[in-house]
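Peer 1: predicted coordinates and the sequence they were generated for:
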Number of protein chains: 2
Amino acid sequence: MEFTLDATSNKARACTIKTAHSTIQTPVFMPVGTLGTIKALDMQDVIDTLGAEIILANTYHTYLRPGDKTIAKMGKLHGFSTYPKSFLTDSGGFQAFSLSDISKPKEDGIEFRSHIDGSKHFFTPKKVIDIQHNLGSDIMMILDDLVALPATKERIKLSIERTTEWAKDSIEYFRTKQKEGIGVDQNIFAIIQGGIDKEMRTKSATELCALDYDGFAIGGLSVGELNNEMYDTVEHTTQYMPEDKPRYLMGVGTPEDLIENIERGVDMFDCVMPTRNARNGTLFTSFGKLNIKGAKFKEDPSPIDAECECPTCKRYSRAYINHLFRSREITYFRLATLHNLYYYLNLMKQAREAILQDRYTEFKKEFYAKRSK
Amino acid sequence: MEFTLDATSNKARACTIKTAHSTIQTPVFMPVGTLGTIKALDMQDVIDTLGAEIILANTYHTYLRPGDKTIAKMGKLHGFSTYPKSFLTDSGGFQAFSLSDISKPKEDGIEFRSHIDGSKHFFTPKKVIDIQHNLGSDIMMILDDLVALPATKERIKLSIERTTEWAKDSIEYFRTKQKEGIGVDQNIFAIIQGGIDKEMRTKSATELCALDYDGFAIGGLSVGELNNEMYDTVEHTTQYMPEDKPRYLMGVGTPEDLIENIERGVDMFDCVMPTRNARNGTLFTSFGKLNIKGAKFKEDPSPIDAECECPTCKRYSRAYINHLFRSREITYFRLATLHNLYYYLNLMKQAREAILQDRYTEFKKEFYAKRSK
């Protein structure tokens, strides 16, 4: 992976990341393609319409169905899904922790039962790397020890320590495998934990960033804390992260969250929000959110967002989209998902442009001004 | 509507129909777009990928939701849906009869309750024309009196007589409205009934074809009769239908049904089969049907149909489509629907080519030969 810091505007960064499969310009939002497909979209949509250079797939889900070995046989994630650009895969730890009926963090890994058939599985730091070798993702994430909040300071401290231990094992295993010719084109990121406790974040960041990772993520946020607590934690944490490696804030968030965290030095984001909200009727626009199911849209001939260049806005009226939503037409899901992701990806392009011109602060002001109209 | 009979191959016909919105070459299969959208597809798919020149929308459904008056305000079906080619709308009678909780055929129309909210409605021959004026379809169908089978000969006779009476009222009302400037660019088809009783079919066809309709449909088939009974009824009925007007067999059918009925002189078809079956996992190919959920496809790298040029077959493996189906990914529905409709529309193109070359019999043999491999 090649990393270049192209420009900064105060703390906001515009970077270029080259993987074996694509060139990613940051700030970047990675659409979530849990099972090797962005829900309701086709890879042609993702490539041609969205122009996405990187998407995320979930290790937990693909491991269970169709299975990482099947995916490996079908040409890994790229061959199986036909998406030729970059994949980032998470470690599966978060889903094992949150989706599974039974999940036990242990000294050496996480034991869980499948949410599909109840079968028993055990994820260790090495096991999730093996799975991600099968998936062939361009960026893999290590297993971390997650803590249900609220938690005692002792439990958080244990989590940090265990995450660092696992991170040491993970990087050693990953680099050894690379020397054996496995995962040579793959990259690996560690995940900084510590909740909203600044002391814990400092400890976690310092310990992990001393290790030979290709990039670093901030995990364990957007789990119910206040927005300002999230922003403060990110601002605090990024100062302990290297300037010459990508910074990824996991599972965040709203357009406002992205704008705020870019300002605090984050390069990469992922979140189910644009795709999940689309399916529930919430559409993002340059003027804020709108709920397309509203009766006021029934005979509204205007597009979802008059400033949007997505195929949905260029072709259809709010009236038609409202009708599709209310009639539960499958067509609705794709049109709405296309719009929301187009909005997110376009927002990232605009943010990058502003950073390159060193006018990120003004850009942020304009972003909020439109929303308060 | 301009009609040209371009060529025949025995009884099989290749025609050209020009409406105000498109030029339709027959034999033609009309995808069903119940609510003003082909389920799981976007109009861009229908125009660019399928190249469909005519689709069907349902009067019953659009009347109830979003309402024909709303559609009229939003630019009729063409403006509302953005599909710029031809629409055929049915009369709504069949759905009022089959979907409604309570439905009563009466002397002057059909009383029914909405399947959505139970509200009471009454469809008369004039009322369904008024609705279809609001919808702005290129071809509208008249209200006919449907009979639940099995029925006594008396009830079938009453149905035929009532259908003829309604047809007389309908054409008079439609032509009068045209003189008033309403529905000038629209066309209207009558529907021949009579079950599989040849005497009744002769009577119905003779009476209706004497009236000033733009085309004629054969209704009341594909309702549980044997295939040969359907084919015999069609073969019998087409001889009473004018050569210089389109012939439309309603609600039929499988690829085999299309091939057989083209041979018997039918020009136009519609059916939910390719779209509904796609959603259930049944895919049509040049070698017959396949059920994509089969475990044998889990690691099958070949496309659904190696001879198919549809975007699904050009891009994805059976393994990936099997995975999407088994994971209930929304993406599956569009990819499968695109494939099935592409198959149907391409089959019609091939049939036309064979008729133009006066080799329809050989074409039919080749069609069956591939399926028996």
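Peer 2: Everything's here; your move. Residues are numbered from 1 along each chain as shown, chains lettered A, B, ... in the order given.
Peer 1: now stretch A:129-138: buried residues?
Peer 2: By neighbour count with 16 or more other C-beta atoms under 10 Å in any protein chain shown, stretch A:129-138 contains the buried residues A:I129, A:I131, A:Q132, A:H133, A:N134, A:L135, A:G136, A:S137, A:D138. Bear in mind the C-beta positions are built from the backbone N, C-alpha and C, glycine included.
Peer 1: those also near chain B: which ones?
Peer 2: Among the buried residues of stretch A:129-138, not one lies near chain B by C-beta under 8 Å from any C-beta of the partner chain.
Peer 1: quick one: which of those sit in helices?
Peer 2: Mapping these onto helices (DSSP state H) picks out A:I129, A:I131, A:Q132, A:H133, A:N134, A:L135.
Peer 1: with distance to A:D144 and pLDDT added, can I get the residues you listed in CSV?
Peer 2: Formatted as CSV, these follow (distance: C-beta to C-beta, whole Å; pLDDT from 0 to 100):
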residue, distance to A:D144, pLDDT
A:I129, 13, 98
A:I131, 15, 98
A:Q132, 14, 98
A:H133, 19, 98
A:N134, 20, 98
A:L135, 18, 98
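Peer 1: can you redo the residues you listed as TSV with distance to A:S91?
Peer 2: Formatted as TSV, those follow (distance: C-beta to C-beta, whole Å):
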residue	distance to A:S91
A:I129	9
A:I131	9
A:Q132	8
A:H133	13
A:N134	14
A:L135	11
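Peer 1: what's the closest of those to A:A7?
Peer 2: A:Q132 (31.6 Å; C-beta to C-beta).
Peer 1: now do the contacts for the closest one.
Peer 2: For A:Q132, the contacting residues are A:T59, A:T89, A:S91, A:M140, A:M141, A:G183, A:Q186, by C-beta atoms under 8 Å, 6 or more residues apart in numbering or on different chains.
Peer 1: quick check: residues of the stretch 251-373 of chain A near chain B?
Peer 2: Proximity of the stretch 251-373 of chain A to chain B (C-beta under 8 Å from any C-beta) is limited to residues A:298-299, A:301, A:311, A:315-317, A:319-320, A:322-324, A:326-327, A:329-331, A:333-335.
Peer 1: which of those residues are buried?
Peer 2: By neighbour count, with 16+ other C-beta under 10 Å, these hold A:298-299, A:311, A:316-317, A:319-320, A:322-324, A:326-327, A:329-331, A:333-335 as buried.
Peer 1: looking at those residues, which are in strands?
Peer 2: Counting by DSSP state E, no part of these is found in strands.
Peer 1: angles on the backbone of the residue of the stretch 1-150 of chain A at minimum distance from chain B, please.
Peer 2: For the stretch 1-150 of chain A and chain B, the shortest gap (C-beta to the nearest C-beta) falls at A:A40, measuring 4.1 Å. Backbone dihedrals for A:A40, given as degrees, to the nearest 10, come out at phi 80, psi -10.
Peer 1: for the closest residue to A:T124 other than its chain neighbours, give me its contacts.
Peer 2: Of all residues not flanking A:T124 in the chain, A:G109 sits nearest, at 3.6 Å (C-beta to C-beta, 6 or more residues apart in numbering or on different chains). A:G109 makes contacts with A:F122, A:F123, A:T124, A:P125, A:K127, A:L143, as judged by C-beta under 8 Å, 6+ apart.
Peer 1: save the residues you listed as TSV, and put in neighbour count too.
Peer 2: Below are those laid out as TSV (neighbours: other C-beta atoms under 10 Å in any protein chain shown):
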residue	neighbour count
A:F122	13
A:F123	23
A:T124	18
A:P125	25
A:K127	18
A:L143	28
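Peer 1: among the residues you listed, name the ones in strands.
Peer 2: Checking those against DSSP E, those in strands are A:F122, A:F123.
Peer 1: reformat the contacts of A:G109 as JSON lines; add distance to B:L77 and pLDDT.
Peer 2: Shown next, in JSON lines, are the contacts of A:G109 (distance: C-beta to C-beta, whole Å; pLDDT from 0 to 100):
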{"residue": "A:F122", "distance to B:L77": "57", "pLDDT": "93"}
{"residue": "A:F123", "distance to B:L77": "53", "pLDDT": "94"}
{"residue": "A:T124", "distance to B:L77": "58", "pLDDT": "95"}
{"residue": "A:P125", "distance to B:L77": "58", "pLDDT": "96"}
{"residue": "A:K127", "distance to B:L77": "56", "pLDDT": "97"}
{"residue": "A:L143", "distance to B:L77": "54", "pLDDT": "95"}
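Peer 1: tell me the confidence at the residue nearest to A:T124?
Peer 2: Per-residue confidence at A:G109 stands at 91 (pLDDT).
Peer 1: what do you get for A:H236?
Peer 2: So A:H236 comes in at 98 (pLDDT).
Peer 1: now A:C15
Peer 2: At A:C15, the model reports a pLDDT of 98.
Peer 1: and if you look at A:I102?
Peer 2: 69.
Peer 1: send me the least confident helix or strand in chain A by mean pLDDT as PDB with only the CA atoms.
Peer 2: Sorting the helices and strands of chain A by mean pLDDT, DSSP states H and E puts strand A:103-106 at the bottom, at a mean of 76. Coordinates of each C-alpha in strand A:103-106 appear next as PDB, following Å, rounded to 0.1, in the frame of the first residue of the first chain:
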ATOM      1  CA  SER A 103     -20.600 -14.500  22.700                       C
ATOM      2  CA  LYS A 104     -17.800 -14.800  25.200                       C
ATOM      3  CA  PRO A 105     -14.600 -12.800  25.100                       C
ATOM      4  CA  LYS A 106     -11.800 -15.000  26.400                       C
END
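Peer 1: paired strands for the helix or strand that it is followed by, with orientation please.
Peer 2: The helix or strand immediately downstream of strand A:103-106 is strand A:109-113, counting by DSSP states H and E. Sheet pairing of strand A:109-113 (DSSP bridges) gives strand A:103-106 (antiparallel), strand A:120-123 (antiparallel).
Peer 1: any idea how chain A splits into domains?
Peer 2: A:2-270, A:276-372 (the TED database).
Peer 1: just put these in JSON lines and tack on distance to B:G75.
Peer 2: Formatted as JSON lines, the domains of chain A follow (distance: least, C-beta to C-beta, whole Å):
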{"stretch": "domain A:2-270", "distance to B:G75": "25"}
{"stretch": "domain A:276-372", "distance to B:G75": "8"}
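Peer 1: those: which one's closest to B:N227?
Peer 2: Going by C-beta to C-beta, the one of those nearest B:N227 is domain A:276-372, 30.8 Å.
Peer 1: what distance separates that closest one from the centre of its chain?
Peer 2: 20 Å (C-alpha atoms, centre = their mean, to the nearest Å).
Peer 1: if we can go back for a sec, next up, the contacts around the residue of the stretch 1-150 of chain A closest to chain B.
Peer 2: Taking C-beta under 8 Å, 6+ apart as the test, what A:A40 contacts is A:T275, A:A278, A:R279, A:F333, A:R334, A:A336, A:T337, B:I330, B:T331, B:R334.
Peer 1: for the most centrally placed residue in chain A, give me its contacts.
Peer 2: Centroid check for chain A by C-alpha atoms, centre = their mean gives A:D270 as the closest residue, at 2.0 Å. With contact set as C-beta under 8 Å, 6+ apart, A:D270 has these partners: A:F29, A:M30, A:P31, A:V32, A:L56, A:L88, A:Y248, A:M250, A:G251.
Peer 1: for the strand or helix carrying the fifth one, what is the average pLDDT?
Peer 2: Using DSSP H and E, A:L56 falls within strand A:54-57. Across strand A:54-57, the average pLDDT comes to 98.
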